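*Asks:* My questions are about this predicted structure, shown below with the sequence.
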Amino acid sequence: MKRLAGRRGPGRPHAFAAAAVAGTLALAGCGGPDSDGEADLSVGSAYMPQPVSDMAAGFLVISNGGGGADRLTSVSSDAADRVSVHETVDGTMREVDALDIPAHGSLVLESGGNHLMFEQLTRRPKQGQKVSVELRFAHSDPVTVEIPVKPATYIPKHGH
């Protein structure tokens with residue numbers, strides 16, 4: 001569905017036309033750009049510290065500008081036999097089946113917090129290279145992200 005809120009077409013505003021549009025939107029359950037209950041996902045701030053073993057971590061931010069929540073359910077990469085999603089609570093890391101992405105919010109995967117775990121690397125990526133990952137969600141289409149490999153000691157300047 002295309003978002004129509006905020007667009008203004010040519011022509012004169014007529015009370016009848018405005019009422020017809022309002023009625024159509026009400027019948028369609030569509031009151032504005034974010035009330036359709038769909039997630040609108042984008043990914044940024046992605047990086048992987050250069051791995052020093054056969055495992056690596058991945059960090060990124062999934063932002064949701066839409067009115068519906070979603071969940072990150074799985075991740076895959078040709079750089080590892082297995083990529084798992086990990087949650088960190090009170091300093092304890094554990095693998096989880098999914099992580100929530102709230103409507104009008106974001107899921108932050110960061111060092112010391114929730115993150116991706118690349119296990120049994122098929123190759124050990126070097127600084128300056130990129131690792132391709134496919135993020136899969138409960139409701140949204142999969143998203144492929146090219147994650148740049150940074151120095152092992154890299155710390156983002158602006159945080160996540």
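*Replies:* Cool, got the structure.
*Asks:* what residues are up against the residue nearest to D78 when sequence neighbours are not counted?
*Replies:* Excluding its sequence neighbours, the residue lying closest to D78 (CB to CB, 6 or more residues apart in numbering) is S132, at 6.4 Å. Just so you know, the C-beta spots here come from the backbone N, C-alpha and C atoms, and that holds for glycine as well. Residues near S132 by CB atoms under 8 Å, 6 or more residues apart in numbering: 77-79, 144-147.
*Asks:* Show me what S132 bridges to in the sheet.
*Replies:* Beta-bridge pairing for S132 (DSSP bridges): E146.
*Asks:* Point to the helix or strand of this structure where mean pLDDT is at its lowest.
*Replies:* Here the helix or strand of the chain ranked lowest by mean pLDDT, DSSP states H and E is helix 15-28, holding a mean of 37.
*Asks:* Report the strands that pair with the following helix or strand past that one, each with its relative direction.
*Replies:* Per DSSP states H and E, the first helix or strand lying C-terminal to helix 15-28 is strand 41-49. Strand pairing for strand 41-49, determined by DSSP bridges: strand 55-64 (antiparallel), strand 143-150 (parallel).
*Asks:* contacting residues around the residue most central in space within the chain?
*Replies:* Nearest to the mean C-alpha position of the chain, by CA atoms, centre = their mean, lies I62 at 2.7 Å. Contacts for I62 (CB under 8 Å, 6+ apart) come out as 41-43, 72, 101, 106-107, 109, 135.
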